[in-house]
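Asks: Sequence and predicted structure below; questions after.
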Amino acid sequence: MRIATWNVNGLRARLDYVCLWLEARQPDVVGLQELKLETDAFPHERFAELGYVAAVHGQKSWNGVAVLSREAAEVQQAGLPRQEAFGARLLDVTVAGLRFVTLYCPNGKSVDHDDFPQKLAWFDALAGWVAANIKPDTPAVLVGDYNIAPAAADSWLGAKGDGELFHTEAERARFEALLACGFVDFYRTHLPEGRDFSWWDYRGGAFHRGHGLRIDLMLGTEAVARRVTDVVIDRDFRKKQDGLTASDHAPVYADLRDA
């Protein structure tokens, strides 16, 4: 089974591109983030043509998350409780024998911005919700755009980035709190020395210069982690394809052996 995560940076603008990727990579379950459209505007018919059904928690103009799957998913939770002011950023479903949660975590804007302490509070709420709702001995994954580079190896800046947005001790402590709920980082467990990135700014030729961050992450409980046979940050789909412009995030997928 192939599971994936992708911040598409606007589904209306990226619909043809996403469909091209689905046809090329054939994932079974995909968590999407940053839809930038309302739930009622989601293009279900287009994905149905490719064999996918969608569960959606949308929002006009900003945020929004969805899960595409080969079989219908059962929604457990839409939105992080008591964090509704930060928008549609969490969708929790059961599908294909997994508790599958897709996340679009807040950016924070800058360490001096009012959104930064709110970002930390959102992560605190997320860790509390995970601890209360997902048992570590169950097959569960938390995928999405975390807007945190977990360690120096996950940033083109290396240790020089420490203290900057995405690189602060406070953000990394929140990431560690999620791991402490019984989760592991698939990429880092599978590729302990890996230096691949998943996001590159559109500006300044960042992609071609290798100036990226690994912020699109797949976390899972041990029941899922032991099934992982491969983890891929799909750089080819950060490039133009058939004249179509990519998101600033690459899709990330993991292949799982049968349970």
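Replies: Structure received.
Asks: Could you list the low-pLDDT ranges of the protein?
Replies: In the predicted model, the chain carries no residue with pLDDT under 70.
Asks: Run through the strands of this structure in chain order.
Replies: 2-7, 29-33, 53-57, 65-69, 74-78, 90-95, 98-104, 140-145, 183-185, 199-200, 212-213, 216-221, 228-233, 252-256 (DSSP state E).
Asks: Compare those strands and give me the one nearest residue 19.
Replies: Between residue 19 and the strands of the chain, the shortest gap by CB to CB is with strand 65-69, which sits at 10.5 Å. All C-beta spots, glycine's among them, are computed from the backbone N, C-alpha and C.
Asks: Between strand 98-104 and the closest one, find me the angle.
Replies: 140 degrees (axes from the mean of the first three to the mean of the last three CA atoms, to 10 degrees).
Asks: For strand 65-69, which strands pair with it and how are they oriented?
Replies: Strands that pair with strand 65-69, judged by DSSP bridges, come out as strand 29-33 (antiparallel), strand 53-57 (antiparallel).
Asks: before we move on, back to that, identify whichever of the strands of the chain lies nearest to residue 244.
Replies: Using CB to CB and comparing the strands of the chain, the one that lies nearest residue 244 is strand 2-7, at 14.4 Å.
Asks: Okay, buried residues for that closest one please.
Replies: By neighbour count on 16 or more other CB atoms under 10 Å, the buried set for strand 2-7 is 3, 4, 5, 6, 7.
Asks: Could you do stretch 202-214 as well?
Replies: Taking 16+ other CB under 10 Å as the neighbour-count basis, stretch 202-214 is seen to contain the buried residues 206, 207, 211, 212, 213, 214.
Asks: ok, and the closest non-adjacent residue to the second one?
Replies: Same thing as residue 207. The shortest distance from residue 207 to any residue that is not its chain neighbour, by CB to CB, 6 or more residues apart in numbering, is 4.1 Å, and that residue is residue 200.
Asks: max-length helix in this structure?
Replies: In the chain, taking DSSP state H as the definition, the longest helix is helix 115-133.
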